[in-house]
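**Q** Pasting the sequence and the predicted model now:
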Amino acid sequence: MRPRLMVENAAYRLEGPLLFLHRSVEVGYNEAVEVVGSDGGARLGRVAAVDLDTLSIELLESSSGLGLAETRVRFVGEPLRFGLGPGLLGRILDGVGRPLDGGPPLAVERRLRIDGLPLNPVARATPRDFIETGISAIDLMNSLVRGQKLPLFSGPGLPHDRLAVAIARHARLRGAGAGEDFAIVFAGIGVAHDTADFFRRSLEQSGALSRSVLFLNLAGDASAQRLLTPRFALTAAEYLAFSCGKHVLVIMTDMTNYCEALREVAGAKGEVPGRKGFPGYMYSDLASLYERAGCLRGAPGTLTQLPILTMPLDDIGHPVPDLSGYITEGQIVLSRALDRSGIEPPIDVLPSLSRLMKGGIGEGYTDADHPALSSQLYAAYARAVQARLLASVVGEDGLAETDRRYLEFGARFERELIHQGESRTLEASMAVGWALLRRLPAGELTRLSDAQIAVHLGAAR
Amino acid sequence: MSHACIEWISGPVLRARASGPFALREALHVGPDRLLGEVVSLHDDLLVAQVYEDTTGLRPGDAVVGGGLPLSIRLGPGLLGGIFDGLLRPLQGIDSAFVAAGMGNAAKSRHDFRPMVRVGQLLEPGSEFGRVAGAREHRCLVPPGRSGQVLRIAAAGEYAEDEVLCVLRDAVGREHELAIGEVWPVRLPRPAAQRLPSDTPLVTGQRVIDALFPVALGGKAAIPGGFGTGKTVLLEALVKACAADVIVYLGCGERGNEMAGAVEEIAELVDARSGRPMSERTVIVANTSNMPVAAREASIYCAVTIAEYFRDQGLHVALMADSTSRWAEALREVSGRLGELPGEGGYPAYLGSRLAEFYERAARVRTLGGDLGSVTLIGSVSPQSGDFSEPVTSHTTRYVRSFWALDVTRARARFYPAIAPLGSYSQDAEKVASWWSGVFAEALGAVAAGDADWQALRRRFLTLLAEQTRLERMARIVGKDALQPQQRLTLLCAEVINEAFLRQSAYSPKDAYCGPQRQARMMRLLGRFMDRAEAALARGASPEAVAALPVLRPLQRMGDEVGENQVDALVALEAALEEDFATLGKEVGDAA
């Protein structure tokens, strides 16, 4: 690393998040800087462009209060890094990794680039360890595995925070290795104070705070900083997973705030807007966050992501959920209709999906009949929803007998399987699933083999 | 070799002042880490270049070195079984788990070479001058554009891929040096002697594709679908099962975990037809979504160039590209950085012509050496919010011949493959009809032509499925009970065809692959079912009575239950079907 350089009185233009300087030092593209205004506050920034005579700096924190005179810029000579070390767990930090809990500064053992580096696909191990979350709609229907990135697609006012906490609390491996080293990294991106407080208290009550790190960028903090919060959090998570060998669950909420900030900053930089004003590179940008989940071949630690995003107007076609869905390995979708009818957690299983489920369930992982059961439940529930649509037009009396059976199945499926008071083991979830299928004629169960019907449903026939 | 000096840099784009000649599209090495780049525009001595890797730390004054060649890759037998990044640098054998900028090229692989020509012989482009031992014997061919008399030829032995083994002198006295491998610019299609029409399908082992929407060898197909509709799973199933000699799998801007899964699975699989490890016939190009975006733009050209290279060996090659939308987005992103005017959806105006260029590289050809080879292109498309009217999908439909539209309703019911029979089409169906007639004759022996013919059955299935959609819409208004018996039977038959024939689990050991003969038998059996059901209806049986027949369940599950060569089981099923309908017929007769 080259010595730190401080430049004064070089700024000649300040426009939104961009600060232009006359160039008097050797700097490289994307290197980190610290901009100190006359108010004494230090702001993080990075070199956005550089030519022979000038350079422009993108401020990563609020630029208000900054002037041209008396603005000093310190060049770090390397890209933005986050110093990490032992004692990280149990801490509460701000959006860029500075202590908020009144504790001492973080110990520094390694300084890692906050942008991370792409994982070599060949070095990745395929995620296969089934995580039992205690939620039937997830465990049975959309199983989560270690190293997966599975977002919650929610809407404003839906209980996604409660669900995330329930998962974080219960999440465990089954069988051998169940008690392994587990840590939680929580990144609050532009969240309201009470949301942050809810997570902190929940972790505290369950005794998990000592295994957690919290990064809080509150709704009142500078929006430019929101772009940094998930990066700092993921860098910490990577350190815990790949340097300390822990199994890390990263909860990031709310990714919609992150994307809004991205749009805001892109607009301020005068970039060409894409769909709904979001920049065209949002896919790549989100990928640089989500893709940091995974397992490494031969390494003990894993990094699992549970991002939460609120779909504006519950529209799954909005760019934020749409682009996320193309990157993440599935999605858990919450439904307002289910929430209104008192189903908790209100997970709509039809649009939900876990892409890595197939590798983590079945013979040798969970239960040999798990895949067939889940597939049959899906087929039947889809049929039930169709029947419901039909019934809403022609009335229940206009339905054929089979469709009426499906209608009843659909209602019970929601009330008995999706709805749950407390956490269930996978076995308990499966038992509920088999019990529901007993109410359908055997001829309808085309996704089950005769043997599966005989073993699990025989008694009722 | 020309030099230039960086004057301005921002993101993957830089401007540099040149002190020597540069050509448009010339490949560059940039900065102390020798990052790969490409010239995109020239103005006096100022050049604009895009860099394929992370440019963090580059600064004014850093050197840019031109190699004199457009972006090129080294092709050779060592590609098979390899996993490469978007610029064809090997991902295997790297110590670090992360991919850093400035990654090196492959160590040159070594091969056992055997000469096939003598000094003095006259060689044309495409002539064979040697062979390389391996799982499949690799033929060393004179690259396009080179020819002449053999001046020198190496003796048999082990050589590195780039060692000069043969020297030719052409008519004007120029000497050409040939090695086992050759270097080819990726944006330039490799020439062939002649493009040929194709009447043979690429057998994929997926019933809905082979039987309803086939793609011919040398054809081009697109799989559009919103997220979660099963594009990647379907493509991976094709990679594993399709009957091509070589498969190039391009993961373009997709998920790392899925790539890892595919790599792992292919390593374990054995090719059912040859009994050899699947990896020996596969080349994987992986540019995951978090790898540099400019390299994603190049990766599609690298992949298709590899496919053409093996085509020139006289092989049938299939290229699966997942997903072309990510490639188009990379194009858009780089275009934005270059300050070009955006067209529809922010994509550059040349999106359509770039897509056309890509799909036009699919062909069945007579190679320069006189062999028959083909490149079949199958690309997935990820339309924003599943809306097929967006630019990438709509441009793609103009150039592909087979269109396999994925349907979100089917995917949500976990009905895979979720190819919607209504929105999909295949222009190759006519061409491969006689091939299918052959399969039917072979599988079913001398059956009466007409109703058991592939084309007739295919037409019948498609009509029935279209009718189903119409009737379901109607039932939504009047209720199912209000439909005529004939219409209720149509709905039943359509459901049987969906369940028994179109649904095919990629994870079922028995059903992941379904050969043409089994498809023929299943089609005929379903045709028989429809005949008998209609006859029963005509004699007064109700559709509900048909639905209650015991044979219905085994019929709907025959894909899952009856494996590839269990002809007996299908014959038994047919006997059960005849028996059930006979009983039904008797009951109806008694009642009347």
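**A** Okay, I see it. Predicted model only: the values in this text are computed from it and were never measured.
**Q** Now do stretch A:67-78, average pLDDT.
**A** The average of the pLDDT scores along stretch A:67-78 is 89.
**Q** Quote the end-to-end distance of it.
**A** The first and final residues of stretch A:67-78 sit 25 Å from each other (C-alpha to C-alpha, to the nearest Å).
**Q** List the buried residues of it.
**A** Neighbour-count burial for stretch A:67-78, with 16 or more other C-beta atoms under 10 Å in any protein chain shown as criterion, is recorded at A:68, A:71-78. For glycine as for every other residue, the C-beta is placed from the backbone atoms N, C-alpha and C.
**Q** what does it contact?
**A** A:1-14, A:19, A:21, A:25, A:27, A:31-38, A:45, A:57, B:57 (C-beta atoms under 8 Å, 6 or more residues apart in numbering or on different chains).
**Q** Against residue A:386, how distant is the nearest residue to residue A:116 once chain neighbours are set aside?
**A** Nearest-residue entry for residue A:116: residue A:292, 5.4 Å, with adjacent residues in sequence omitted and distances by C-beta to C-beta, 6 or more residues apart in numbering or on different chains. When distance is defined by C-beta to C-beta, to the nearest Å, residue A:292 is 39 Å away from residue A:386.
**Q** who's more crowded, these two?
**A** When residue A:292 is set against residue A:386 and neighbours are counted by other C-beta atoms under 10 Å in any protein chain shown, the residue ahead is residue A:292, at 26 against 18.
**Q** thinking the more buried one is in contact with residue A:234, fair?
**A** Yes: proximity of residue A:292 to residue A:234 meets the contact threshold set by C-beta atoms under 8 Å, at 4.8 Å.
**Q** list the residues that contact both of those two?
**A** If you check residue A:292 and residue A:234 against C-beta under 8 Å, 6+ apart, the residues they both contact are A:116, A:303.
**Q** what are the phi and psi values for residue A:16?
**A** When read as degrees, to the nearest 10, the backbone of residue A:16 gives phi 60, psi -130.
**Q** and it, how many neighbours?
**A** Using other C-beta under 10 Å, residue A:16 has 15 neighbouring residues.
**Q** Without its sequence neighbours, what residue ends up closest to it?
**A** On the basis of C-beta to C-beta, 6+ apart, the spatially nearest residue to residue A:16 that is not a chain neighbour turns out to be residue A:268, at 3.4 Å.
**Q** circling back to that earlier point, mind putting the buried residues of stretch A:67-78 into JSON lines with distance to residue A:327?
**A** Compiled in JSON lines, those are given as follows (distance: C-beta to C-beta, whole Å):
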{"residue": "A:68", "distance to residue A:327": "40"}
{"residue": "A:71", "distance to residue A:327": "38"}
{"residue": "A:72", "distance to residue A:327": "39"}
{"residue": "A:73", "distance to residue A:327": "35"}
{"residue": "A:74", "distance to residue A:327": "35"}
{"residue": "A:75", "distance to residue A:327": "34"}
{"residue": "A:76", "distance to residue A:327": "30"}
{"residue": "A:77", "distance to residue A:327": "33"}
{"residue": "A:78", "distance to residue A:327": "28"}
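**Q** quick revisit: in helices, which of the contacts of stretch A:67-78 appear?
**A** Among the contacts of stretch A:67-78, no residue falls in helices (DSSP state H).
**Q** Is residue A:67 part of a helix or strand, or is it coil?
**A** Applying DSSP: H, G, I helix; E, B strand; the rest coil to residue A:67 yields a three-state assignment of coil.
**Q** gap between it and chain B?
**A** Separation of residue A:67 from chain B (C-beta to the nearest C-beta, to the nearest Å): 25 Å.
**Q** on that earlier part again, of the contacts of stretch A:67-78, buried ones?
**A** Members of the contacts of stretch A:67-78 that pass the buried threshold by neighbour count (16+ other C-beta under 10 Å) are listed as A:7, A:10-11, A:14, A:19, A:21, A:27, A:31-33, A:35-37, A:45, A:57, B:57.
**Q** Secondary structure element for residue A:266, which one?
**A** Counting by DSSP states H and E, the secondary-structure element that holds residue A:266 is helix A:255-268.
**Q** Check what contacts that helix and list those residues.
**A** Contacts of helix A:255-268 from elsewhere in the structure, counted by C-beta under 8 Å, 6+ apart, are A:15-18, A:58, A:151, A:189-191, A:219, A:223-224, A:226-227, A:229-230, A:252, A:273, A:277-279, A:282, A:285-286, A:307-312, A:319-320, A:324.
**Q** Which positions in the stretch 201-350 of chain A make contact with chain B?
**A** Counting by C-beta under 8 Å from any C-beta of the partner chain, the residues of the stretch 201-350 of chain A close to chain B are A:242, A:271-272, A:274-275, A:280-281, A:283-284, A:287-288, A:290-294, A:296-297, A:299, A:316-319, A:322, A:325-327, A:329-331, A:350.
**Q** Just the pLDDT at residue A:256, thanks.
**A** Here, the pLDDT recorded for residue A:256 equals 96.
**Q** what residues are up against residue 40?
**A** Using chain A here. For residue A:40, counting by C-beta under 8 Å, 6+ apart, there are no contacting residues.
**Q** looking at chain B here, not the other one
**A** Under the contact definition (C-beta under 8 Å, 6+ apart), the residues listed for residue B:40 are B:24-25, B:48-50, B:338.
**Q** what about 6 Å?
**A** Contact analysis of residue B:40 by C-beta atoms under 6 Å, 6 or more residues apart in numbering or on different chains lists B:48, B:50.
**Q** can you check residue B:128 too?
**A** With contact taken as C-beta under 6 Å, 6+ apart, residue B:128 is in contact with B:116, B:139, B:141.
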